[in-house]
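Asker: fold the following.
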Amino acid sequence: MSDIDHAFAAPLARGLYLDAFARPVFLSPTEAGTAPVDALVVELAPGSDAAAEGASAQAFARALSAWREKRASALPGCVLVRSGDSSAAYWPGLSLDEARRRAARRDSAPMLLPPRGEAAAGSARARGGVVDGRIALVTGGAQGFGEEIVRGLASSGALVLVADLNIAGAERLCAALNAEAGRTAALPVAVDVSDEASVAAMFALAAKEAGGIDLVVSNAGVLKASSVLDQELGSFKFVTDVNYVGFFLMSKYAGLLLRRQSRTAPRWATDIVQINSKSGLQGSNKNGSYAGSKFGGLGLVQSYALELVEWRVKVNAICPGNFFDGPLWSDPEKGLFVQYLRSGKVPGAATVADVKAAYEAKVPMGRGCEGPDVMRAIYYLVEQEYETGQALPVTGGQVMLN
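Answerer: Below is the predicted model of the structure:
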């Protein structure tokens, strides 16, 4: 592969198709080789800052305008990008598999352009259809709530990058989903959301593998329940680094990619969704490091929503209630039921079953939050074009906004 920076070039190239088709498009990169017949050729501006992005976006727009003077009802079957001595070819498709097949055949035949808006998100018959064909990324996606979200998105037609520190689990989940779907429905990627280089590499991989991204679900999170009188500083910092600093890093590198994409697709809306918690809406006894990180996360959500709206990036949070059936709560050694029993958080509880029953009794709807509850909230936020900076409770009535 050439040494073109795909994280810089691919979103700019993908934006041309998003803007014209008004529906998701995938890009697959290859070595440039001999310039394909009818390829759109673009020379990137030097540099990688915001000014270079803007100049490169203008170069893409000028090149496409000239290309389409004789092909008004089509788009290029290949985009050849050059930067100094480096170059790369990007091959489009309406699915990742189609883009890969076009790349393998070096098929540069122009793509026919349908009437604008034919497949816009608002026309979806079912709410889940708003993510059909979109490129999504879910952190902490190999287990728990993350796995529920990954499965829901994949079953609704999205390509999902399953990002997790547990790469073996992500690989197993992706293999199963791809086999079930009979298509490339999921791709695994290793990430430590508290490490800047790891997060940057994850978004670079998303650009290289598919051309860009449409939906980022920042789900990875940790919890260490303890009294403020007993908690060690290391545990407090660990929770803060993953839940709070991790969301900052996710938003930074997602935002950079989405800004580049928006420069050539200014009408295409994208989403960053933080999976927060009901503990981001009210304090949590003997669980202050977790609640504090989640309260802080909502401050970041509101602030980033104000900033990134310029690039049609919506930033929202979902605040689920307790996912009692997931490993966070039910793991027999490290789960919250066990932690809360040991810490004495539930007075009078003698067993894990006592702790669970006490928490179920707090929910007016009588049960914990489940995967489909969160999926409906995600679909709503993607579908809703006039909502940003919000914290959406999904708590069964346990926490209500004033």
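
Asker: can you map out the strands along the stretch 201-350 of the chain?
Answerer: For the stretch 201-350 of the chain, the strands defined by DSSP state E, counting those that start in this stretch occupy 215-218, 270-275, 313-320.

Asker: redo those as CSV? Include mean neighbour count and mean pLDDT.
Answerer: For glycine as for every other residue, the C-beta is placed from the backbone atoms N, C-alpha and C. Below are the strands of the stretch 201-350 of the chain laid out as CSV (neighbours: other C-beta atoms under 10 Å; pLDDT from 0 to 100):
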stretch, mean neighbour count, mean pLDDT
strand 215-218, 27, 98
strand 270-275, 26, 98
strand 313-320, 25, 98
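
Asker: reformat the ones you listed as JSON lines; add distance to F26.
Answerer: Converted to JSON lines, the strands of the stretch 201-350 of the chain look like this (distance: least, C-beta to C-beta, whole Å):
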{"stretch": "strand 215-218", "distance to F26": "14"}
{"stretch": "strand 270-275", "distance to F26": "15"}
{"stretch": "strand 313-320", "distance to F26": "20"}
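
Asker: looking at those strands, which is nearest to V25?
Answerer: Evaluated over those, closeness to V25 peaks at strand 270-275, with 13.4 Å, by C-beta to C-beta.

Asker: quick one: the nearest residue to G169 once chain neighbours are set aside and N219, what's the gap?
Answerer: Excluding the flanking residues, the one nearest G169 by C-beta to C-beta, 6 or more residues apart in numbering is A142, at 3.5 Å. Remark: distance between A142 and N219 (C-beta to C-beta, to the nearest Å) = 10 Å.

Asker: if you count what's nearby, which of those two comes out ahead?
Answerer: N219 (27 against 24; other C-beta atoms under 10 Å).

Asker: and the more buried one, what does it touch?
Answerer: Shown in contact with N219 (C-beta atoms under 8 Å, 6 or more residues apart in numbering): 138-141, 145-146, 149, 275.

Asker: hmm, who's touching the helix or strand bottoming out on mean pLDDT in the chain?
Answerer: Least confident helix or strand of the chain, by mean pLDDT, DSSP states H and E, is helix 327-330 with a mean of 81. Here helix 327-330 makes contact (C-beta under 8 Å, 6+ apart) with 143-145, 223, 322-324, 335-337, 356, 368.

Asker: swap the cut-off to 10 Å and go again
Answerer: 140, 143-145, 147, 221-223, 322-324, 334-340, 352, 355-356, 359, 368 (C-beta atoms under 10 Å, 6 or more residues apart in numbering).

Asker: quick one: the helices in the chain?
Answerer: 6-21, 50-67, 96-105, 144-155, 167-181, 196-210, 233-240, 246-264, 288-308, 327-330, 336-343, 352-360, 371-383 (DSSP state H).

Asker: and of the contacts of N219, the nearest to A72?
Answerer: Distance to A72 across the contacts of N219 (C-beta to C-beta) is lowest for V138, with 38.7 Å.

Asker: distance of the closest residue to the closest one other than its chain neighbours from G152?
Answerer: Distance criterion C-beta to C-beta, 6+ apart; nearest residue to V138, sequence neighbours excluded, is V217 at 4.5 Å. Remark: distance between V217 and G152 (C-beta to C-beta) = 10 Å.

Asker: try Q302
Answerer: Q302 sits 26 Å away from G152, going by C-beta to C-beta.

Asker: next one: I272
Answerer: Between I272 and G152 the computed distance is 18 Å (C-beta to C-beta).

Asker: who's sitting farthest from the centroid in the chain?
Answerer: For the chain, the C-alpha farthest from the mean C-alpha position belongs to G348; by C-alpha atoms, centre = their mean, that distance is 41.6 Å.

Asker: state the distance from that residue to L80.
Answerer: G348 is 70 Å from L80, where distance means C-beta to C-beta.

Asker: on that earlier part again, what's the closest of the contacts of N219 to S293?
Answerer: Of those, the one sitting nearest to S293 (C-beta to C-beta) turns out to be I275, at 12.5 Å.

Asker: tell me what the closest one is bridged to.
Answerer: Beta-bridge partners recorded for I275 (DSSP bridges): I318.

Asker: contacting residues around it?
Answerer: Taking C-beta under 10 Å, 6+ apart as the test, what I275 contacts is 138-140, 145-146, 149, 217-221, 247, 294, 297, 317-320, 374, 377-378, 394.

Asker: my read is that A170 contacts Q143, right?
Answerer: Yes. With contacts counted by C-beta atoms under 10 Å, A170 reaches Q143, the gap being 9.2 Å.

Asker: who has more neighbours out of these two?
Answerer: It is A170, of A170 and Q143, that has more neighbours when counted by other C-beta under 10 Å, with 28 against 18.

Asker: ok, the more buried one to N402 distance?
Answerer: Distance, A170 to N402, by C-beta to C-beta: 39 Å.

Asker: equivalent analysis for P393, please.
Answerer: Distance from P393 to N402, by C-beta to C-beta: 11 Å.

Asker: one step back: overlap in contacts of V217 and G152?
Answerer: Applying C-beta under 10 Å, 6+ apart, one finds that V217 and G152 are jointly contacted by 138, 160, 374, 378.

Asker: for the third one, which non-adjacent residue is closest in space?
Answerer: It refers to V374. Nearest non-adjacent residue to V374, counting by C-beta to C-beta, 6+ apart: P320, 5.5 Å away.

Asker: please apply the same query to the last one.
Answerer: Distances taken as C-beta to C-beta, 6+ apart put V273 closest to I378, at 6.0 Å, once the chain neighbours are dropped.
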